[in-house]
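K.L.:
need a 3D model of the following:
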Amino acid sequence: MKKTEQILGFIGIILVLILGRAFLKPDMLFRLVIGMGLGYSLMRAYTGFAGSVNRAFKTGSTKLMRTLMFMFLISCILTTAFLFKADPTTYNLWVNPINLGLLLGGLLFGFGMAFSSCCASGVLTDLVTALPRAFTTLVFFCIGVYLGFPVQNTASWVKKSWFATPTGQKLSGGVFMPDLFKWDGFNGYLGSLILTVLFCGIVVYISYRYERKRKQENTYIGHEAEIMQDQDEKFDSKDYKLFSTTTYNRIFAKPWTLKQGAVAISILFTILMGVTKAGWGASTPYGIWFGKLLMFFGVPADSVAAFAKMKPDAYVQPFFQNAVSVQNFGIILGTAIYLLTAGIFKKTFMSEMHITFKEALLFALGGISMGFGTRLANGCNVGALYTPIANFSLSGWIFLIFLVLGGIVGNIFARRAFAQK
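P.N.:
Predicted coordinates:
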């Protein structure tokens with residue numbers, strides 16, 4: 001069965017590329033491939049943004065949170081290569097507004113991801129690894145995004161920023177950190193990178209202190225995936241053979257470390273930004289998908305769009321002509337391809353196939369909380385956290401603070417709720 005899965009994995013890669021080349025426009029094929037790369041990297045490195053808080057609360061391990069800081073920093077450095085001698089307003093930088101919506105959105109998103117154990121990108125990978133939980137979460141995530149559209153598109157406390165810098169005002173209305181350091185002789189990017197190092201350092205310091213406290217209290221258990229990733233594989237070059245099971249496993253099956261995954265995601269993010277002049281987003285199409293579902297049941301596109309305070313164009317646009325939808329679909333494919341080529345698809349897919357009715361209700365709560373939260377914060381863990389930080393937006397760091405607070409509260413409630421099932 002393992003070899004069959006591995007063969008199917010490579011057949012899948014070939015079919016995706018052939019069919020994509022035949023039926024997709026070049027820019028959509030690019031989005032599909034980037035999405036596959038992101039899904040593959042997230043799955044092979046057992047990485048998810050939601051785990052930054054959830055793992056720390058449940059196991060005491062802050063390794064993922066610390067790794068995310070490493071990823072944020074190198075992403076900022078790579079982004080500087082594009083922006084240093086360019087007009088930043090020629091890029092679609094996600095310099096999000098800083099307002100009440102950002103704070104409430106961060107709280108809601110953190111709260112929801114504690115119940116569903118995933119986020120906007122993680123729910124796509126989990127469709128392959130934990131279908132019942134992920135599908136329930138995704139359905140209500142879509143509903144939450146759609147219900148939040150009218151607020152996002154009309155409420156001043158979501159659209160307007162409490163304070164903004166000149167460049168930030170021209171973008172999405174927030175604080176573009178290089179504007180704060182124009183005197184540094186490097187167009188503000190040296191100061192911004194130093195400030196980013198400081199922010200990352202503070203998070204890493206707090207993470208280590210928290211992890212040490214858990215160990216001192218004997219409540220640290222570590223995370224199973226991280227323990228597996230850190231296992232050293234003894235390999236002697238004298239035993240090297242190109243066509244061997246050992247070589248195959250090293251190239252295609254052996255899980256990446258968290259840092260290897262962070263480097264891969266940062267590279268993909270940089271390629272995405274270089275080609276599209278925009279960052280990584282995931283959640284907005286979820287609301288559009290729900291609108292399309294309403295249209296399938298007979299609701300006119302104009303009515304669907306009128307409720308969301310949007311133009312109907314997004315709802316009548318074919319699925320494979322929406323760049324982020326195609327990219328999201330690619331994340332699902334990339335996840336499946338890694339599991340197949342690693343020969344663990346069936347084992348992983350069947351690992352979480354049963355949930356109770358109460359669990360379904362809790363996953364639904366998680367999904368709708370995250371979905372609505374994304375509209376208040378103008379993004380999810382990639383759209384309000386990762387991309388803004390990589391784009392030197394102060395909003396991303398503020399979102400992180402409230403995401404963690406919401407995650408702590410959510411995990412406390414989730415622990416009690418799941419314990420009483």
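
K.L.:
list the buried residues for stretch 143-156?
P.N.:
Buried residues in stretch 143-156, counted by 16 or more other C-beta atoms under 10 Å: I143, G144, V145, Y146, L147, G148, F149, V151, Q152, A155. For the C-beta atoms, the positions are set from N, CA and C on the backbone; glycine is no exception.

K.L.:
in contact with the first one, which residues?
P.N.:
Meaning I143. Listed by C-beta atoms under 8 Å, 6 or more residues apart in numbering, the contact set of I143 reads F290, G367, I368, G371.

K.L.:
which sections of the stretch 201-350 of the chain are below the confidence cut-off?
P.N.:
Along the stretch 201-350 of the chain, the model assigns pLDDT under 70 to residues 232-236, 238-239.

K.L.:
repeat the analysis, applying 90 as the threshold.
P.N.:
Within the stretch 201-350 of the chain, the ranges that satisfy pLDDT under 90 run 222-251, 253, 347-350.

K.L.:
ranges for the helices of it?
P.N.:
Using DSSP state H, counting those that start in this stretch, the helices of the stretch 201-350 of the chain run over residues 224-229, 245-248, 258-276, 284-296, 301-308, 313-316, 323-341, 345-349.

K.L.:
can I get the buried residues of stretch 143-156 in a markdown table with pLDDT, secondary structure and distance to T80?
P.N.:
What follows is these, written out as a markdown table (pLDDT from 0 to 100; DSSP: H, G, I helix; E, B strand; the rest coil; distance: C-beta to C-beta, whole Å):
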| residue | pLDDT | secondary structure | distance to T80 |
| --- | --- | --- | --- |
| I143 | 98 | helix | 39 |
| G144 | 98 | helix | 35 |
| V145 | 98 | helix | 32 |
| Y146 | 98 | helix | 36 |
| L147 | 98 | helix | 38 |
| G148 | 98 | helix | 33 |
| F149 | 98 | helix | 34 |
| V151 | 97 | helix | 34 |
| Q152 | 97 | helix | 30 |
| A155 | 96 | coil | 34 |
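
K.L.:
taking those together, which two end up most distant?
P.N.:
Spanning the widest gap among these are I143 and A155, at 18.8 Å by C-beta to C-beta.

K.L.:
any idea how far the closest residue to L294 other than its chain neighbours is from A120?
P.N.:
The spatial neighbour of L294 that comes closest, neighbours along the chain excluded (C-beta to C-beta, 6 or more residues apart in numbering), is V304 at 5.3 Å. Counting by C-beta to C-beta, to the nearest Å, the gap from V304 to A120 is 21 Å.

K.L.:
my read: the residue nearest to L294 touches F297, true?
P.N.:
No. Checked against C-beta atoms under 8 Å, the pair V304 and F297 is beyond contact range at 10.6 Å.

K.L.:
neighbour count winner among these two?
P.N.:
More neighbours surround V304 than the other of V304 and F297, with 23 against 6 (other C-beta atoms under 10 Å).

K.L.:
using TSV, lay out the helices of the stretch 201-350 of the chain together with distance to G185.
P.N.:
Formatted as TSV, the helices of the stretch 201-350 of the chain follow (distance: least, C-beta to C-beta, whole Å):
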stretch	distance to G185
helix 224-229	41
helix 245-248	49
helix 258-276	25
helix 284-296	38
helix 301-308	46
helix 313-316	43
helix 323-341	37
helix 345-349	51
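
K.L.:
mean neighbour count, those: which tops it?
P.N.:
helix 323-341 (a mean of 24; mean count of other C-beta atoms under 10 Å).

K.L.:
got the angle between it and helix 258-276?
P.N.:
140 degrees (axes from the mean of the first three to the mean of the last three C-alpha atoms, to 10 degrees).

K.L.:
pretty sure G291 sits against V304.
P.N.:
Yes. Contact criterion C-beta under 8 Å: G291 and V304 qualify, at 4.3 Å.

K.L.:
which phi and psi does N378 have?
P.N.:
The phi/psi pair for N378 (degrees, to the nearest 10) reads phi 60, psi 40.

K.L.:
ok, it touching L102?
P.N.:
Yes. Applying C-beta under 8 Å, one finds N378 in contact with L102, separated by 7.4 Å.

K.L.:
who touches both of those two?
P.N.:
With C-beta under 8 Å, 6+ apart as the test, N378 and L102 both reach N96, A384.

K.L.:
can you tell me the closest non-neighbouring residue to I332?
P.N.:
Nearest-residue entry for I332: L124, 5.2 Å, with adjacent residues in sequence omitted and distances by C-beta to C-beta, 6+ apart.

K.L.:
next one: L29
P.N.:
Spatially, and ignoring its direct neighbours in sequence, L29 is nearest to G20 (4.6 Å; C-beta to C-beta, 6+ apart).

K.L.:
how near is that neighbour to L333?
P.N.:
The span separating G20 from L333 equals 10 Å under the rule C-beta to C-beta.

K.L.:
ok, now which ones touch the residue nearest to L294?
P.N.:
G291, L294, M295, P312, Y315.

K.L.:
one more: L42?
P.N.:
Here L42 is in contact with G48, S121, G122, T125, G261, I265, I331, G334, T335 (C-beta under 8 Å, 6+ apart).

K.L.:
coming back round to it: any shared contact partners between G20 and L333?
P.N.:
L32.

K.L.:
quick one: the helix or strand hosting T80 to helix 258-276, angle?
P.N.:
In this structure, T80 sits in helix 63-83 according to DSSP states H and E. Relative orientation of helix 63-83 versus helix 258-276 (the same axes, to 10 degrees): 30 degrees.
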